[in-house]
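K.L.:
Structure of the sequence below:
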Amino acid sequence: MPKAVVVRTTGGPEALEFGDVEVGPPGAGQLLVDVAAAGVNFIDCYHREGRYPVPLPFTVGLEGTGRVAAVGPDVAGFAVGDRVAWAQAPGSYAEQVVLDAANAVPVPDGVDDDTAGALLLQGLTAHYLVASTYPVRPGDAVLVHAAAGGVGLLLVQLAKARGARVIGTVSTEAKEALAREAGADEVIRYDRVDFAPEVRRLTDGAGVAAVYDGVGRTTFDGSLSALRPRGVLALFGGSSGAVPPVDPQRLNQAGSVFLTRPSLGAHVATREELEWRAGELFAAVADGSLRVRVGGRYPLAEARRAHEDLEGRRTTGKLLLLP
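P.N.:
Reported below is the predicted structural model:
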């Protein structure tokens, strides 16, 4: 019987239970996959703690990569033995997962399992942010919070590839080095200075065209203050907590700025869009223009430790669980 990480009662990392689960055969339009690597993401923590409610009990995880073990009826384009990756398959912290074939994408031969398992959810997020939420143009100045995190490192690289001047925020010297290595033009140590006035100083008072903010509560006010008139605040996560309700008049006062709360599902709503975004990411990895940093690898049984490290801000890049 395959093993998995299950939540029966929401709570802290101690709510993660490792044990046997039943995995049935794939149904119509589904694949059964032997998981090679599962990605760890903040949304997994939100599900675990009940911030984003999921019916209990549930197997944690949305992202991973592996080989197809069985193909259900009415599936075209996939065969047993194919390498696939996914970013929206509940139950991915497991040795085996059944997922909708519509959510799987083929993994090119030039991309290894760790990279494929680390790329898709955060890579698709970074892609829609710089290509769709605020389409970066050459010469734009943009601010990336948590620039040494999994999404942050990808955002820095993708924004630079589109011609942006990238300003990143980090909390340690080691994370500053990683952000600069990824291509950040300026790095602000928010443990030392207030980042919003520093952004103004670095942009000669103008502010940035966009702020990509996955931190949330502790950065929101400063992010608004760092925008240029008619700039865009893309709030795509809340690692520091949820942002309280916002008076729309604040957007006027900040210079007719735009506030959006995008999600991945709305940006891969069609098969064509999923294949476009994933295809560009895999191509960039294959040609060396996009580097994926795996900051930690944990046995599947140690998912609790992975969550503790992620929430404790002790990590950089992507964390993987390895069945």
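K.L.:
Quick check: Val107 touching Phe78?
P.N.:
No: contact between Val107 and Phe78 fails when scored by Cβ atoms under 8 Å: they sit 11.6 Å apart. Yep, even glycine has a C-beta here, placed from its N, CA and C like the rest.
K.L.:
so what sits against both of the two?
P.N.:
Contact criterion Cβ atoms under 8 Å, 6 or more residues apart in numbering; residues shared by Val107 and Phe78: Val84.
K.L.:
Counting neighbours, go ahead and name the busier of these two.
P.N.:
Legend: neighbour count by other Cβ atoms under 10 Å for Val107 and Phe78, higher for Val107 (24 against 16).
K.L.:
what sits against the more buried one?
P.N.:
Shown in contact with Val107 (Cβ under 8 Å, 6+ apart): 65, 83-85, 113, 116, 282.
K.L.:
try it again with 10 Å
P.N.:
36, 65-67, 82-85, 113, 115-117, 119-120, 278, 282 (Cβ atoms under 10 Å, 6 or more residues apart in numbering).
K.L.:
where's the most centrally placed residue in the chain relative to Phe236, distance?
P.N.:
With the centre of the chain defined as its mean C-alpha position, the nearest residue by Cα atoms, centre = their mean is Gln122, 2.7 Å away. Here Gln122 is placed at a distance of 11 Å from Phe236 (Cβ to Cβ, to the nearest Å).
K.L.:
Mutual contacts of these two, please.
P.N.:
With contacts defined as Cβ under 10 Å, 6+ apart, the residues adjacent to both Gln122 and Phe236 are 151, 155, 214, 264.
K.L.:
Determine the number of other residues adjacent to the third one.
P.N.:
Gly214 is flanked by 24 other residues according to other Cβ under 10 Å.
K.L.:
doesn't Thr169 make contact with it?
P.N.:
No: if you go by Cβ atoms under 10 Å, Gly214 and Thr169 don't touch, sitting 11.0 Å apart.
K.L.:
what touches both of those two?
P.N.:
144-146, 152.
K.L.:
ends of stretch 72-89, how far apart?
P.N.:
Using Cα to Cα, to the nearest Å, one end of stretch 72-89 lies 16 Å from the other.
K.L.:
May I see the buried residues of that stretch?
P.N.:
Buried residues in stretch 72-89, defined by neighbour count with 16 or more other Cβ atoms under 10 Å: 72, 75, 78, 82-89.
K.L.:
swap in stretch 1-13?
P.N.:
Within stretch 1-13, the residues that qualify as buried are 3-7, 13, counting by 16+ other Cβ under 10 Å.
K.L.:
Among those, name the ones in helices.
P.N.:
Taking DSSP state H, every one of the buried residues of stretch 1-13 sits outside helices.
K.L.:
For burial, what's the neighbour tally of Lys160?
P.N.:
19.
K.L.:
err, Ala38, not the other one
P.N.:
Counted with other Cβ under 10 Å, residues neighbouring Ala38 total 33.
K.L.:
for it, helix, strand, or coil?
P.N.:
Taken by DSSP: H, G, I helix; E, B strand; the rest coil, the conformation at Ala38 corresponds to strand.
K.L.:
Equivalent analysis for Ala179, please.
P.N.:
Counting by three-state DSSP, the backbone at Ala179 sits in helix.
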